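**Q** build the 3D model from these lines:
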Amino acid sequence: MTNEPTRASTANPYLRSSQVYGMAAICLVAGLAIGYLVRESQSPASQGQPAANSAATSSAGAVSGVQMPGTEPMKQMAAMQAPPAANGAPASPHAGSMGGGRMPTLEEMKQMADKQAAPLLEKLKSDPNNSAELMQVAAIYHSTHQFREAADYYGKAVQADPKNVTARTKLATSLYRSGDVDGAIAQLNRALGYAPTDSNALFDLGMIRLQGKQDGQGALAAWRQLLKTNPQMSSERRAQVQKLMADVMTTLSDQHALEGGRTNDGHKTNSY
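**A** Numbers count the residues shown, from 1 in each chain. Below is the predicted model:
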């Protein structure tokens, strides 16, 4: 979204289509990991400044995630493809390396995050409702796979600034990564209540519905709204979203055909 992202299952025709599942997995990594990291790296928040919350930033965020913008986000891909664990940690951390090329443990990553966040947390003691600084702290914890801590601080940022759509969208990402699919969807829907055309929220809503709920129709509805309400989207990005939609529709059609075939087989059996 305990809820977990899509896993392979021989009982579900939706998951037997390797083409669509693969595309969905890639786009989930892109939309929720790479796209998220692109927004963080391009925003001043990752350098100690508040994150921008403009239409241009929103449009360039989630959908641009289907590109492969750099090597650092790629280090997250293996961990992002693993389902969120019950404690909010990925099955295997791939967020960086320690001395000698050793991958840090989650505890070591937590220590890094605590150290990096310490100056901001000190400042927050005198201004606990500073949403920009709360989002910076949240971004530190999210980038080190401390998703529950990230969701906690994004949640505080949202409490301080309820109409901050960027904060709600990032809160949804952290909630999803911690295993709370329903909570993530609820936050995206609330974000869209404030900004119905926000491209980040619409794209992520589609991906989380597809991966967290196996809801192809819900994903298609979100992406149709994305394309309809964001005419400024580049032709390349539009084509990428349309390709994903086409793959999902193919899978839904295959699923319908399989279900119809089973029904027909049952009728034939009964007729004999």
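**Q** from what I see, G155 and K170 are in contact.
**A** No: using Cβ atoms under 8 Å, G155 is not in contact with K170, being 10.5 Å away. Quick note: C-beta positions are derived from backbone N, CA and C, even for glycine.
**Q** so those two - more neighbours on which side?
**A** Taking neighbours as other Cβ atoms under 10 Å, G155 and K170 compare with K170 leading, 31 against 19.
**Q** which residue is the nearest non-sequential neighbour of that one?
**A** In space, and not counting its chain neighbours, K170 is closest to Y154: 5.4 Å by Cβ to Cβ, 6 or more residues apart in numbering.
**Q** so what does the host helix or strand of that neighbour touch, helix or strand wise?
**A** Taking DSSP states H and E as the criterion, the element that holds Y154 is helix 147-160. Here helix 147-160 touches helix 131-143, helix 165-177, going by 3 or more Cβ pairs under 8 Å, 6 or more residues apart in numbering; DSSP states H and E.
**Q** what angle separates the last one from helix 147-160?
**A** I take that to be helix 165-177. Using axes from the mean of the first three to the mean of the last three Cα atoms, to 10 degrees, the direction of helix 165-177 lies 150 degrees away from that of helix 147-160.
**Q** if you count neighbours, what's buried in helix 165-177?
**A** 165-177 (16 or more other Cβ atoms under 10 Å).
**Q** count of neighbours near P119?
**A** Neighbours of P119 using other Cβ under 10 Å come to 13.
**Q** before we move on, what about R238?
**A** When neighbours are counted by other Cβ under 10 Å, R238 registers 15.
**Q** residues contacting it?
**A** L227 (Cβ atoms under 8 Å, 6 or more residues apart in numbering).
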